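K.L.:
could you look at this predicted model? Sequence included:
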Amino acid sequence: MTEPLPRRTTGVSRRKAAAHPLPGSPSRDLRLRAAGGWEKFMRRTEIQPGDET
């Protein structure tokens, strides 16, 4: 118990990216595409034809 604690390296993330997603979970690329599609959808709903009145 006389061993010193390991030194923390500054700037290193606590969470490491998983090499492979868990089975059944969407890939990072798919999540990014879905997020982009959602933003596009939300922008379209803000500008509805006929709402200019």
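P.N.:
The structure has been received and is ready for your questions.
K.L.:
Ala34: which element?
P.N.:
Ala34 is located in helix 28-46, with elements delineated by DSSP states H and E.
K.L.:
name the helix or strand for Pro6, please.
P.N.:
Judged by DSSP H and E, Pro6 forms part of no helix or strand.
K.L.:
and it, how many neighbours?
P.N.:
6 (other C-beta atoms under 10 Å). Yep, even glycine has a C-beta here, placed from its N, CA and C like the rest.
K.L.:
and it, how far is that from Phe41?
P.N.:
47 Å (C-beta to C-beta, to the nearest Å).
K.L.:
about what we covered before: mind checking the pLDDT average for the helix holding Ala34?
P.N.:
In this model, helix 28-46 has an average pLDDT of 91.
K.L.:
export it as PDB, just CAs?
P.N.:
The C-alpha trace of helix 28-46 is given here as PDB (Å, rounded to 0.1, in the frame of the first residue of the first chain):
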ATOM      1  CA  ARG A  28     -22.000   6.900 -35.000                       C
ATOM      2  CA  ASP A  29     -22.500   7.700 -38.700                       C
ATOM      3  CA  LEU A  30     -26.100   6.700 -38.500                       C
ATOM      4  CA  ARG A  31     -26.600   8.900 -35.400                       C
ATOM      5  CA  LEU A  32     -25.000  11.900 -37.100                       C
ATOM      6  CA  ARG A  33     -27.200  11.400 -40.200                       C
ATOM      7  CA  ALA A  34     -30.300  11.200 -38.000                       C
ATOM      8  CA  ALA A  35     -29.400  14.300 -36.100                       C
ATOM      9  CA  GLY A  36     -28.900  16.200 -39.400                       C
ATOM     10  CA  GLY A  37     -32.300  15.000 -40.600                       C
ATOM     11  CA  TRP A  38     -34.000  16.100 -37.400                       C
ATOM     12  CA  GLU A  39     -32.500  19.600 -37.700                       C
ATOM     13  CA  LYS A  40     -33.700  19.800 -41.300                       C
ATOM     14  CA  PHE A  41     -37.200  18.600 -40.300                       C
ATOM     15  CA  MET A  42     -37.400  21.200 -37.500                       C
ATOM     16  CA  ARG A  43     -36.300  24.000 -39.900                       C
ATOM     17  CA  ARG A  44     -39.000  23.000 -42.300                       C
ATOM     18  CA  THR A  45     -41.700  23.000 -39.600                       C
ATOM     19  CA  GLU A  46     -40.800  26.500 -38.600                       C
END
